[in-house]
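Trainee: below is the structure, and that's it, no one-letter string:
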């Protein structure tokens, strides 16, 4: 009997292509699900802004007219001496009062002058290491909502005596007080800090949900109806008026097991086809040798976001040299990569980053009160080559490498 090997190979190839197509469809569905998660949460996330410095923090609605944020964000509101507002995703601004603020855990509750806002949904299921997470907020004074994705790196990371949920989702100054969401779009923590060591990226910390609910449970306005939590926060009913564990419109089913099964099947089918066709003569285009490939890889160099710079900082707090990775923020706030003890500097004064198409770092004013000065002239943006200087308040910063 004669067997047509070409027909068998074609059938095998079709099987592999079907499996790969199914896996690709599922990947696309998962990406779309992630977009839906963040899109649904947008109306729950707010920026916190001052009239003098612009946006300096983030927050999330826990009930109509009630916003949860970081305690150190509320501290700045009380110490800033300027008019502060909560700004929603659609640009509406609202005045507010601080109902409660703590340093441990680093949380605060704000009450707006209007009963607006879509409350975020709180998760009730356990969180696991490796779970996908999304951090939402307004970092670096940016006026449009920023979403970054990562995983849970540690469930209980102790920093300065406090236990945090650690994530590798990118968190920067201004993210403080914003929500950390799971793949169902439910709240699992409040972002409050990032590691500030030179050369360390994407090590962020959030107050875990257990501490959030404990903090909220300590606050119950006089006269509130126990167990209803309508427009208030109580322990007997849903936290912050939020229907705990019930996402609006339901949540997508967990397809991770099916995804892995299809991926494994596709990989197995591909290997099967390659083995079945190994040994058959076929035309192969000329390929570079290993040395050529290595030379090509080495020629790419480090990505701009991985490169650091060295700066000399000379101000009221003295002279020092600082090595930092980019992006970096200069200001008085303790969450800045370069902190200056300069009363003329804003909390988040200037950001320095690499920009596409620009061979040198770029410094941008973050809406500071005294501005970014280049050669004594106020500017919103300037390039910072080696030897270049900028001025922040009474502090001069010079790039040395």
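Mentor: That came through, no problem. As the structure is a prediction and not an experimental result, all values here were calculated from the model.

Trainee: point out where this protein drops to low pLDDT.
Mentor: Along the chain, the parts satisfying pLDDT under 70 run over 1-37, 80-81, 196-200, 219-307.

Trainee: so which elements touch the strand or helix carrying residue 321?
Mentor: Using DSSP states H and E, residue 321 sits within strand 318-325. Where contact means 3 or more Cβ pairs under 8 Å, 6 or more residues apart in numbering; DSSP states H and E, strand 318-325 is packed against strand 308-315. Where C-beta positions appear, they are placed from N, C-alpha and C, glycine not excepted.

Trainee: buried ones in the strand it packs on, by neighbour count?
Mentor: Residues 309, 311, 313-315 are the ones in strand 308-315 that count as buried (16 or more other Cβ atoms under 10 Å).

Trainee: so residue 338 bridges to which residues?
Mentor: Counting by DSSP bridges, residue 338 forms beta bridges with residue 330.

Trainee: quick revisit: can you tell me which of the buried residues of strand 308-315 is nearest residue 110?
Mentor: Nearest to residue 110 among the buried residues of strand 308-315 is residue 315, at 33.1 Å by Cβ to Cβ.

Trainee: in its sheet, what does the strand holding residue 321 sit against?
Mentor: The strands beside strand 318-325 in its sheet (DSSP bridges) come out as strand 308-315 (antiparallel).

Trainee: OK, contacts around residue 344?
Mentor: 370, 393-395 (Cβ atoms under 8 Å, 6 or more residues apart in numbering).

Trainee: kindly report the same for residue 106.
Mentor: Applying Cβ under 8 Å, 6+ apart to residue 106 gives the contacts 70-72, 162, 190, 192-193, 207.

Trainee: what sits against the nearest residue to residue 321 once chain neighbours are set aside?
Mentor: In space, and not counting its chain neighbours, residue 321 is closest to residue 312: 5.5 Å by Cβ to Cβ, 6 or more residues apart in numbering. Under the criterion of Cβ under 8 Å, 6+ apart, the neighbours of residue 312 are 319-322, 397-398, 400.

Trainee: how about the helices in this protein?
Mentor: With DSSP state H as the criterion, the chain has helices at 5-41, 71-80, 209-217, 256-277, 290-300.

Trainee: name the strands paired with the lengthiest strand in the chain and say parallel or antiparallel.
Mentor: Using DSSP state E to define each element, the chain has its longest strand at strand 146-159. Strand 146-159 has its sheet partners listed here by DSSP bridges as strand 132-137 (antiparallel), strand 162-167 (antiparallel).

Trainee: quick check: buried residues in the first one?
Mentor: With burial defined by 16+ other Cβ under 10 Å, the residues of strand 132-137 counted as buried are 132-137.

Trainee: report the two of those separated the most.
Mentor: Spatial extent of the buried residues of strand 132-137 (Cβ to Cβ) is set by the pair 132 and 137 at 17.3 Å.

Trainee: ok, and the closest non-adjacent residue to residue 96?
Mentor: Nearest to residue 96 is residue 110, by Cβ to Cβ, 6+ apart, at 4.4 Å.

Trainee: the one you found contacts residue 78, doesn't it?
Mentor: No. In this structure residue 110 lies outside contact range of residue 78 using Cβ atoms under 8 Å: 11.6 Å.

Trainee: out of the two, which sits in the more crowded spot?
Mentor: With neighbours defined as other Cβ atoms under 10 Å, residue 110 and residue 78 compare such that residue 110 has more, 28 against 11.

Trainee: check contacts around the more buried one.
Mentor: 48, 59, 66-69, 74, 86, 96-99.

Trainee: 7 Å - rerun?
Mentor: 59, 67, 69, 86, 96, 98-99 (Cβ atoms under 7 Å, 6 or more residues apart in numbering).

Trainee: for it, name its beta-bridge partners.
Mentor: Listed by DSSP bridges, the beta-bridge partners for residue 110 are residue 67, residue 98.

Trainee: against residue 69, how distant is it?
Mentor: Residue 110 sits 6 Å away from residue 69, going by Cβ to Cβ, to the nearest Å.

Trainee: ok, now residue 88?
Mentor: In terms of Cβ to Cβ, residue 88 sits 14 Å off from residue 69.

Trainee: hang on, the earlier thing: which neighbours do residue 110 and residue 78 share?
Mentor: Residues touching both residue 110 and residue 78 (Cβ under 7 Å, 6+ apart) are residue 98.

Trainee: and for residue 110 and residue 69, which residues touch both?
Mentor: Residues touching both residue 110 and residue 69 (Cβ under 7 Å, 6+ apart): residue 59.

Trainee: excluding covalently adjacent residues, which one is nearest to residue 314?
Mentor: In space, residue 314 is closest to residue 396, 4.9 Å off (Cβ to Cβ, 6+ apart).

Trainee: ok, that neighbour touching residue 316?
Mentor: No. Residue 396 is not in contact with residue 316 according to Cβ atoms under 7 Å; the separation is 11.0 Å.

Trainee: who touches both of those two?
Mentor: By Cβ under 7 Å, 6+ apart, residue 396 and residue 316 have no common neighbours.

Trainee: ok, residue 338 - contacts?
Mentor: Going by Cβ under 7 Å, 6+ apart, residue 338 touches 313, 322, 324, 328, 330.

Trainee: let's go with 10 Å and repeat that
Mentor: 196, 311, 313, 320, 322, 324, 328-331, 349-350, 352, 392, 395, 397 (Cβ atoms under 10 Å, 6 or more residues apart in numbering).

Trainee: buried subset of those residues?
Mentor: Counted by 16+ other Cβ under 10 Å, those give 311, 313, 322, 324, 328-331, 349-350, 352, 392, 395, 397 as buried.

Trainee: okay, now the closest residue in space to residue 334 that isn't next to it in sequence: neighbour count?
Mentor: Of all residues not flanking residue 334 in the chain, residue 72 sits nearest, at 7.9 Å (Cβ to Cβ, 6+ apart). Number of residues near residue 72 (other Cβ under 10 Å) recorded here: 20.
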